[in-house]
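Peer 1: one predicted model, sequence on top.
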Amino acid sequence: MSDMIVAALQAAISISAVYLFATLGEILTQRSGVMNLGVEGMIMMGAVAACITASATESLFLAVLASMLVAGIFAALHAFVSVTLKSSQVVSGLALTILGSGLARFLGALLKLGKMPVSFENISLPLLGDIPYVGDILFNQNLLVYIGYIVTIVMSVVLFKTKLGIRIRAVGENPAAADAAGINVFGIRYACTIIGGSLAGLAGSCLALANYKAWETNLSNGAGWLAVALVIFALWKPFLAFAGSFLFGCITAMQTRLTLWGIHIPDDLVEMVPYVLTIIVMILISGKIKKSSGGPAALGVPYDREER
């Protein structure tokens, strides 16, 4: 029984990397004051770009690079519309989700993408991988999971322990004051949005090359929307994002293992659990969010220097 639990938790960590990359990207974007609801479309575009590149080159490095580049381009488009043109960030994000998801499915069908010729396999880390139970769960994973650990730590340090992080948070809280202090508001918002979108693309390559190891029409299955909700659940903090991603990873992993354990629950009911849990979590922590002012004050508000 313990082996079954360890295997389930190991799968949960692998799955949670998808949510983690997307959530970290959205945290960075929102910390700068930009709301990006195009995460779902960027995950899908990242996934299809990774699949196309992997099929053509059989290079995991180029596939991951392509996924981040394509999603970054989509994010740059969102930044142009919302930061430069000062249009509605919600409308822009939703438009990119529709465009990205539809274009990814079209390209996947057109190129008849299927099983990938290369994929990420688990690598056991020396010494750490030998720790009973914990080693198998945390340190016998694919390379992208380990990158997720590193990105979580780096982003937490950058946001809360460096001058750059102070500038990013200042732009998200009060862009006018930040601008007056000589901080490049538009540059920071562009950079954070593009990097955040690239991380969403990385989530897509994680789905396609590490979890499914193939292209599927509904590959993301709402992962982008869950990531947006996880940002609030995590109170815009990277380490809490890791915990929340693992929680949702556990729920997703259970969907494929309940039957193996002899527990028969309708698939549709099980698939509802993450979304129902999201609603419950939002209700429970909504008061805490208001009290702690966890969200950037200028989130979703275009900055116009002329109105300063």
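Peer 2: All right, it came through fine. None of the values given here were measured: they were computed from a predicted structure.

Peer 1: please count neighbours and contacts with C-alpha atoms only from this point.
Peer 2: Fine.

Peer 1: for stretch 138-145, the averaged confidence score.
Peer 2: What stretch 138-145 shows for mean pLDDT is 95.

Peer 1: what's next to it, contact-wise?
Peer 2: Applying C-alpha atoms under 8 Å, 6 or more residues apart in numbering, the external contacts of stretch 138-145 come out as 10, 13-14, 17, 120-125, 128-129, 206, 210.

Peer 1: so the nearest residue to residue 37 once chain neighbours are set aside versus residue 300, what's the distance?
Peer 2: If the residues on either side of it in the chain are set aside, residue 37 comes closest to residue 93, at 4.2 Å by C-alpha to C-alpha, 6 or more residues apart in numbering. Residue 93 sits 11 Å away from residue 300, going by C-alpha to C-alpha, to the nearest Å.

Peer 1: same thing with residue 6?
Peer 2: Distance of residue 6 to residue 300, given as C-alpha to C-alpha: 41 Å.

Peer 1: between those two, who's got more neighbours?
Peer 2: residue 300 (19 against 16; other C-alpha atoms under 10 Å).

Peer 1: what pLDDT does the more buried one get?
Peer 2: The model's pLDDT for residue 300 equals 89.

Peer 1: sec struct for it, please.
Peer 2: coil (DSSP: H, G, I helix; E, B strand; the rest coil).

Peer 1: who's in contact with it?
Peer 2: By C-alpha under 8 Å, 6+ apart, the neighbours of residue 300 are 33, 34, 35, 89, 90.

Peer 1: returning to that earlier point: now the common contact residues for residue 93 and residue 300.
Peer 2: Residues touching both residue 93 and residue 300 (C-alpha under 8 Å, 6+ apart) are residue 35.

Peer 1: below-threshold pLDDT in this structure: ranges please.
Peer 2: For the chain, residues meeting the criterion pLDDT under 70 lie at 1, 255-271, 273-274, 277-278, 281-294, 307-308.

Peer 1: any idea which helix is longest in it?
Peer 2: Determined from DSSP state H, the single longest helix within the chain is helix 2-31.

Peer 1: in that helix, what's buried?
Peer 2: 6-31 (16 or more other C-alpha atoms under 10 Å).

Peer 1: quick one: end-to-end distance for stretch 51-70.
Peer 2: End residues of stretch 51-70 are separated by 12 Å (C-alpha to C-alpha).

Peer 1: same question for stretch 127-140.
Peer 2: 11 Å.

Peer 1: just stretch 132-142 next, same as before
Peer 2: Terminal residues of stretch 132-142 lie 18 Å apart, using C-alpha to C-alpha.

Peer 1: turn the contacts of residue 300 into CSV, columns for distance to residue 104 and neighbour count.
Peer 2: Shown next, in CSV, are those (distance: C-alpha to C-alpha, whole Å; neighbours: other C-alpha atoms under 10 Å):
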residue, distance to residue 104, neighbour count
33, 28, 32
34, 24, 29
35, 22, 25
89, 22, 23
90, 21, 16
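
Peer 1: farthest-apart pair in those residues, please.
Peer 2: Spatial extent of the contacts of residue 300 (C-alpha to C-alpha) is set by the pair 33 and 90 at 12.5 Å.

Peer 1: quick one: the strands in the stretch 1-150 of the chain, in order.
Peer 2: 123-124, 140-141 (DSSP state E, counting those that start in this stretch).

Peer 1: in JSON lines: the ones you listed, plus distance to residue 70.
Peer 2: Converted to JSON lines, those look like this (distance: least, C-alpha to C-alpha, whole Å):
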{"stretch": "strand 123-124", "distance to residue 70": "27"}
{"stretch": "strand 140-141", "distance to residue 70": "26"}
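
Peer 1: buried deepest among those, which one?
Peer 2: Neighbour counts (mean count of other C-alpha atoms under 10 Å) averaged over each of these peak at strand 140-141, with a mean of 22.

Peer 1: make TSV from the contacts of stretch 138-145 and add distance to residue 78 to it.
Peer 2: Shown next, in TSV, are these (distance: C-alpha to C-alpha, whole Å):
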residue	distance to residue 78
10	35
13	30
14	29
17	24
120	30
121	34
122	35
123	36
124	39
125	39
128	41
129	41
206	23
210	28
